[in-house]
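Sequence and predicted model, in that order:
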Amino acid sequence: MSFGNRLKEARKRSGMTQGKLAEKTELAAGTIQMYERNKRKPTPKTLKKLAKALGVSYAHASNGEPYFYTFVDTIEPEDTENNVFNRNQQLDAMNDGGISIKTFEEKEQVINLTAEAKLIDGYNNLNKQGKKEAIKRIEEMAYIPKYSRQFNNEE
């Protein structure tokens with residue numbers, strides 16, 4: 001699947017037509033069609049507009065290929081619609097960029113990349129005060145035995 005297919009999947013998931021997405025992003029409907037047909041790639045600014053209009057976030061796979069995802073509760077079961085959407089978008093972006101996922105270990109690495117991308121995206125969306133607060137919270141969590149690797153003998 002290509003970026004155009006990932007965009008189309010995200011658009012349909014949000015229940016929008018190409019025309020509605022064009023209207024929400026202030027782009028021409030023909031531009032949306034060209035993206036979905038892989039005739040054009042959006043600029044970073046346009047990618048941000050598309051994600052906002054679709055109600056999702058976006059990140060780039062390690063090969064630079066953009067993909068969309070939605071935030072999920074960390075206790076949500078693996079097979080829920082949101083998790084499946086996120087995993088498919090990420091794996092597809094990696095495969096589209098020439099990185100094939102063959103083993104379970106490789107899949108786990110991709111899932112970890114997705115978690116890191118969500119963390120970075122969330123952090124980047126915070127203002128200065130929010131960033132300071134986020135750092136404090138992460139530092140606090142690092143010393144809570146339930147969450148810390150050093151207390152659970154994890155690598």
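Received it, and whenever you're ready, just let me know what you need.

For the residue nearest in space to the middle of the chain, name its beta-bridge partners.
In the chain, the centroid-proximal residue (CA atoms, centre = their mean) is Y69; its distance is 3.3 Å. Listed beta-bridge partners, Y69: S57 (assigned using DSSP bridges).

Please determine how far it is located from N83.
Going from Y69 to N83 by CB to CB, to the nearest Å gives 10 Å. For the C-beta atoms, the positions are set from N, CA and C on the backbone; glycine is no exception.

now do N124
Taken as CB to CB, the span from N124 to N83 is 22 Å.

go on, K132?
Counting by CB to CB, the gap from K132 to N83 is 31 Å.

Between the two, point out the one with more neighbours.
The neighbour count for K132 versus N83, taken as other CB atoms under 10 Å, is higher for N83 (18 against 11).

For that one, give me phi and psi.
Here is the backbone geometry of N83 (degrees, to the nearest 10): phi -60, psi -40.

where in the chain is pLDDT low?
1, 62, 72-79, 97-118, 121, 149-155 (pLDDT under 70).

now the helices: where do they sit in it?
3-13, 18-25, 29-36, 44-54, 81-96, 104-124, 128-141, 149-152 (DSSP state H).

end-to-end on stretch 16-35?
15 Å (CA to CA, to the nearest Å).

Show me which residues of it are buried.
Within stretch 16-35, the residues scored as buried using 16 or more other CB atoms under 10 Å are M16, Q18, L21, A22, K24, T25, L27, T31, I32, M34, Y35.

and what of stretch 35-50?
Buried residues in stretch 35-50, counted by 16+ other CB under 10 Å: Y35, E36, R40, P42, L47, K49, L50.

Which of those sits closest to N5?
E36 (7.6 Å; CB to CB).

OK, contacts around that closest one?
Contacts for E36 (CB atoms under 8 Å, 6 or more residues apart in numbering) come out as G4, N5, L7, K8, R11, Q18.

do that again at 7 Å, thanks
G4, L7, K8 (CB atoms under 7 Å, 6 or more residues apart in numbering).

before we move on, back to that, put together TSV for the buried residues of stretch 16-35, with distance to N88 on each row.
Converted to TSV, the buried residues of stretch 16-35 look like this (distance: CB to CB, whole Å):
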residue	distance to N88
M16	18
Q18	21
L21	19
A22	24
K24	23
T25	23
L27	25
T31	24
I32	21
M34	23
Y35	18
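
Return the closest of those residues with respect to K128.
T25 (28.1 Å).
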